[in-house]
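> Okay, sequence plus prediction incoming.
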Amino acid sequence: MQVRGLLLLLALILVAAAAEAGKNKKEKAKKDGSKCEDWRWGPCVPNSKDCGLGYREGTCKDESKKLKCKIPCNWKKKFGADCKYKFESWGGCSAQTGLKTRTGILKKALYNAQCEETVYVTKPCSSKIKSKSKGQ
């Protein structure tokens, strides 16, 4: 009987300690010292070249902050790294231009970025002819 009571008491102490630790983490996350809610964020500026780790600056009234950010090195420079689009499949090859085209519809604008609602992308047509005789 005493062993059960001891185990129950130990379990209660562990649950209470875990709850307190979780509360402290939440308080630390909220504790950035700012009560401002209308932050305006600039674009992500890479530390060197045109991609990789960098920072973005934000302002709210008379406060300012810098956040770490990262620009993938395969991003579409034309659209900006903060504009996310959903693209359709590639269209057929134009014999006149030798290019394929597809359309992208704005899915999400991060950090209040100014993004175009619809974008168009082109790429050269493939010179390879795909055969469908695999496995035969």
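Okay, I see it.
> Show me this protein divided up by domain.
As assigned by the TED database, the chain contains the domains 36-72, 74-126.
> If you average the pLDDT over the first one, what comes out?
What it means is domain 36-72. Per-region confidence: domain 36-72 scores 87 on mean pLDDT.
> List the buried residues of it.
Across domain 36-72, burial judged by 16 or more other Cβ atoms under 10 Å covers Trp39, Trp41, Pro43, Cys44, Pro46, Cys51, Gly54, Arg56, Gly58, Lys65, Cys69, Ile71. (Glycine included, C-beta is placed from N, CA and C.)
> Am I right that the last one is in contact with Lys49?
No: the pair Ile71 / Lys49 is not scored as a contact, 9.6 Å apart, by Cβ atoms under 8 Å.
> re the thing from before, with distance to Ala17 as extra columns, can I get the domains of the chain in TSV?
Output for those, formatted as TSV (distance: least, Cβ to Cβ, whole Å):
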stretch	distance to Ala17
domain 36-72	32
domain 74-126	38
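> tell me the contacts of Gln96?
Residues in contact with Gln96 (Cβ atoms under 8 Å, 6 or more residues apart in numbering): none are found.
> I'd like to know how far Lys35 sits from Cys125.
55 Å (Cβ to Cβ, to the nearest Å).
> returning to that earlier point: list just the nearest of the buried residues of domain 36-72 to Ala11.
Each of the buried residues of domain 36-72 was checked against Ala11 using Cβ to Cβ; the closest is Lys65, at 42.3 Å.
> Tell me what that closest one is bridged to.
Taking DSSP bridges as the rule, Lys65 bridges to Gly58.
> isn't it right up against Gly58?
Yes: judged on Cβ under 8 Å, Lys65 makes contact with Gly58 at a distance of 4.8 Å.
> Quick check: neighbours shared by those two?
Trp39.
> chain center to the host helix or strand of Lys70, what's the gap?
If you go by DSSP states H and E, Lys70 is part of strand 63-71. The chain centre lies 14 Å from the centre of strand 63-71; the measure is Cα atoms, centre = their mean, to the nearest Å.
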